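Asks: structural data only, the sequence is not supplied:
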């Protein structure tokens, strides 16, 4: 039966090519935007290289020091002192990686200036992530203990500083007049992955790392690797217990605070709370995304409803004949919904092909260094869901109105609309 519906749909599409073009254009444009936006959101919040363990990591990225009685408030990323005293000592996580937020420095190649993104880390950082080393290896605890001035650089920095494809391991790179020995080269990471992205990775023990700051607030964050997400409650409980034991009142760079608040959060919770909108839960975020997608599809769906009504009225004689021979309302509605979903899926395939081209162009445009947007299974499932939703939104009302056509009026050419 469905095969017969599809054959009828193909004949209808070929009968009125202008209607087909207008319908497909609206469907393709709408779904193309949704697929590209979904791919970008996936790029931002889903586990990708090198942060592939993101799904089983908690992040300590904010410390809030307060003295409510005086309105005093100091908030920001934790310092290395805070992480060293209260996070690195935790027993529940399998491992704790430490790294700084992005900081910028200059390097020079002849008269050309390179603006480099620096990140200072501990050795465990390389174990909680999964970098692709094109050459060399990461620094280890021995390098930290020795106070070695060593560096891991990304592929782009290697090409810009030493020459494209040149051997960099063992050579010196001078950043802000300080010389570091390159011991590893990693594949580029998109700059949108702030926690793991950098041009040059340095040990936290080198001079400019701010690891010696005595403030509770600094520019570091901690990555707490769990065995599985099931361990998150135990890790959070231990972290909350450790934070609750910090002596109060607390002196911090000349200020006295009576409260300190910090949380171990999932990446999405951390990501949402550094944005412009403070989402109280990840569920609220996904609800907003779904509502936005439905609203975005609503106007094109309304336009497609009007086109579908015109198409159905042109087929009123066919509807009248089928009703006269006993076709039920449910069968007629089912036929037109199948037709509409088929047209939408056809538009979705075209939109998917265009999205692959658009994403490839975007990745190569240089607008985001190291961008690696892709059409993966999650994006495909969202696209398929959008296709089905769009087909149902634009097909239900015309199908119901069609099913109510009077048989006599329909056989006369559909001059009367559904009552």
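Replies: It's in. Since we're looking at a predicted model, the values are computed, not measured.
Asks: quick one, strands of the stretch 301-419 of the chain?
Replies: According to DSSP state E, counting those that start in this stretch, the stretch 301-419 of the chain carries no segments that qualify as strands.
Asks: pLDDT weak spots in it?
Replies: Within the stretch 301-419 of the chain, the segments meeting pLDDT under 70 span 306-330, 332, 399-419.
Asks: what are the boundaries of the helices in it?
Replies: 316-324, 329-365, 377-403, 407-411 (DSSP state H, counting those that start in this stretch).
Asks: in a markdown table: those, plus mean neighbour count and distance to residue 263.
Replies: C-betas here are computed from N, CA, C, even on glycine. Shown next, in a markdown table, are the helices of the stretch 301-419 of the chain (neighbours: other C-beta atoms under 10 Å; distance: least, C-beta to C-beta, whole Å):
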| stretch | mean neighbour count | distance to residue 263 |
| --- | --- | --- |
| helix 316-324 | 17 | 61 |
| helix 329-365 | 18 | 34 |
| helix 377-403 | 19 | 27 |
| helix 407-411 | 16 | 64 |
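Asks: stretch 72-91: end-to-end distance?
Replies: End-to-end distance for stretch 72-91: 33 Å, by C-alpha to C-alpha, to the nearest Å.
Asks: got the contact list for that stretch?
Replies: Stretch 72-91 has contacts (C-beta atoms under 8 Å, 6 or more residues apart in numbering) with 60-67, 96, 98, 101, 204, 209-222, 224, 235, 238-239, 242-243, 246, 252, 255-257, 262.
Asks: just how off-centre is that stretch within its chain?
Replies: 27 Å (C-alpha atoms, centre = their mean, to the nearest Å).
Asks: picking that back up, buried ones among the contacts of stretch 72-91?
Replies: By neighbour count, with 16 or more other C-beta atoms under 10 Å, those hold 60-67, 96, 98, 204, 209-211, 213, 215-222, 224, 235, 238-239, 242-243, 252, 257, 262 as buried.
Asks: and the contacts of stretch 361-381?
Replies: Residues outside stretch 361-381 that contact it (C-beta under 8 Å, 6+ apart) are 35, 38-40, 42-43, 46, 48-49, 154, 156, 188-192, 197, 352, 355-356, 359.
Asks: before we move on, the earlier item: nearest to residue 109, out of the helices of the stretch 301-419 of the chain?
Replies: With C-beta to C-beta, the closest approach to residue 109 among those belongs to helix 329-365: 24.0 Å.
Asks: can you name the helix or strand that residue 241 falls in?
Replies: Here residue 241 sits within helix 232-244, counting by DSSP states H and E.
Asks: follow-up on the earlier one: of the helices of the stretch 301-419 of the chain, which is nearest residue 301?
Replies: Residue 301 lies closest to helix 377-403 among these, at 4.1 Å (C-beta to C-beta).
Asks: how far away is residue 51 from residue 71?
Replies: Counting by C-beta to C-beta, to the nearest Å, the separation of residue 51 from residue 71 is 38 Å.
Asks: between the two, who's got more neighbours?
Replies: Taking neighbours as other C-beta atoms under 10 Å, residue 51 and residue 71 compare with residue 51 leading, 21 against 7.
Asks: just the pLDDT for that one.
Replies: For residue 51, the model assigns a pLDDT of 93.
Asks: secondary structure class for the residue nearest to it when sequence neighbours are not counted?
Replies: Spatially, and ignoring its direct neighbours in sequence, residue 51 is nearest to residue 196 (5.0 Å; C-beta to C-beta, 6 or more residues apart in numbering). Each residue gets one of three states, and residue 196 gets coil by DSSP: H, G, I helix; E, B strand; the rest coil.
Asks: report the mean per-residue pLDDT for stretch 97-111.
Replies: Across stretch 97-111, the average pLDDT comes to 92.
Asks: and the end-to-end length of it?
Replies: 37 Å.
Asks: then stretch 97-116?
Replies: The straight-line separation of the ends of stretch 97-116 (C-alpha to C-alpha) is 22 Å.
Asks: just checking, what packs against the helix or strand encompassing residue 269?
Replies: Secondary structure from DSSP H and E places residue 269 in helix 267-272. When contacts are defined as 3 or more C-beta pairs under 8 Å, 6 or more residues apart in numbering; DSSP states H and E, helix 267-272 sits against helix 17-45, strand 57-60, helix 282-314.
Asks: for these, state which one has the densest average packing.
Replies: Highest mean neighbour count of the helices and strands packed on helix 267-272: strand 57-60, a mean of 25 (counted as mean count of other C-beta atoms under 10 Å).
Asks: which strands and helices lie in contact with the helix or strand following that strand?
Replies: Next in sequence after strand 57-60, counting helices and strands by DSSP H and E, comes strand 63-67. The helices and strands touching strand 63-67, judged by 3+ C-beta pairs under 8 Å, 6+ apart, are strand 72-76, strand 255-257, strand 259-262.
Asks: where's the second one relative to the chain centroid, distance-wise?
Replies: Meaning strand 255-257. Distance of strand 255-257 from the chain centroid (C-alpha atoms, centre = their mean) equals 38 Å.
Asks: packing partners of it?
Replies: Under the contact criterion of 3+ C-beta pairs under 8 Å, 6+ apart, strand 255-257 touches strand 63-67, strand 72-76.
Asks: hey, least reliable of the ones you listed by pLDDT?
Replies: Among those, strand 72-76 scores lowest, at a mean of 83.
Asks: what lines up beside that one in the sheet?
Replies: The strands beside strand 72-76 in its sheet (DSSP bridges) come out as strand 63-67 (antiparallel).
Asks: avg pLDDT for the helix holding residue 241?
Replies: Averaging pLDDT along helix 232-244 gives 95.
Asks: now for it, which elements pack on it?
Replies: Applying 3+ C-beta pairs under 8 Å, 6+ apart, we find helix 232-244 packed against strand 57-60, strand 259-262.
Asks: how near is the residue most central in space within the chain to residue 38?
Replies: Central residue of the chain (C-alpha atoms, centre = their mean): residue 44, 2.7 Å from the mean position. Residue 44 sits 11 Å away from residue 38, going by C-beta to C-beta.
Asks: now residue 214
Replies: Using C-beta to C-beta, we find residue 214 at a distance of 45 Å from residue 38.
Asks: check residue 204 too.
Replies: Counting by C-beta to C-beta, the gap from residue 204 to residue 38 is 37 Å.
Asks: before we move on, what about residue 175?
Replies: Going from residue 175 to residue 38 by C-beta to C-beta gives 38 Å.
Asks: next one: phi and psi at residue 97?
Replies: With angles defined as degrees, to the nearest 10, residue 97 sits at phi -90, psi 150.
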